[in-house]
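1. Whatever this is, show me its structure:
(one chain, ligands or ions: 1)
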Amino acid sequence: MGVGNKRTLTKTRRKTRDVDQIISDLRSAKHLTQYKSTKLSQDLPGLGKNYCVACSRWFDAPSTLTAHERGKPHKRR
Ligand SMILES: [Zn+2]
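-> Numbering: from 1, shown residues only. Model (predicted):
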């Protein structure tokens, strides 16, 4: 493995957006669109559809997104 420090490795692996960025997303749709345009839709699960704004996560199917919205991590957000 390239990275020796395990803590750094695990801390950056599931890096999503910062909470303050998400708050901006929730307040202005323009901010969110700007962020989405920086990502290639081909690289995202489900071609960039099924996005949860509050958790800044993509899902591969609408059913997965619906299931996620009922879940605990989402409600905590
Ligand atoms: Zn969510």
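
2. Could you point out the helix or strand that follows the least confident helix or strand in the chain by mean pLDDT?
-> Every helix and strand in the chain was compared by mean pLDDT, DSSP states H and E; the lowest is helix 6-13, with a mean of 62. The first helix or strand that comes after helix 6-13 along the chain, using DSSP states H and E, is helix 19-27.

3. Can I get that next one in CSV, CA atoms only?
-> C-alpha atoms of helix 19-27 as CSV (Å, rounded to 0.1, in the frame of the first residue of the first chain):
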residue,chain,number,x,y,z
VAL,A,19,-21.1,20.7,6.4
ASP,A,20,-20.8,24.4,5.6
GLN,A,21,-20.7,23.5,1.9
ILE,A,22,-23.8,21.4,2.3
ILE,A,23,-25.6,24.3,4.0
SER,A,24,-24.8,26.5,1.1
ASP,A,25,-26.2,23.7,-1.2
LEU,A,26,-29.4,23.6,0.7
ARG,A,27,-29.7,27.4,0.6
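
4. tell me the angle the helix or strand following it makes with helix 19-27.
-> Sequence-wise, the next helix or strand downstream of helix 19-27 (DSSP H and E) is helix 29-37. Taking axes from the mean of the first three to the mean of the last three Cα atoms, to 10 degrees, one finds helix 29-37 and helix 19-27 inclined to each other by 120 degrees.

5. quick thing: my sequence starts at 19, can you match it?
-> Fine by me, first position is 19 from now on; the one you just mentioned is helix 47-55.

6. All set, thanks.
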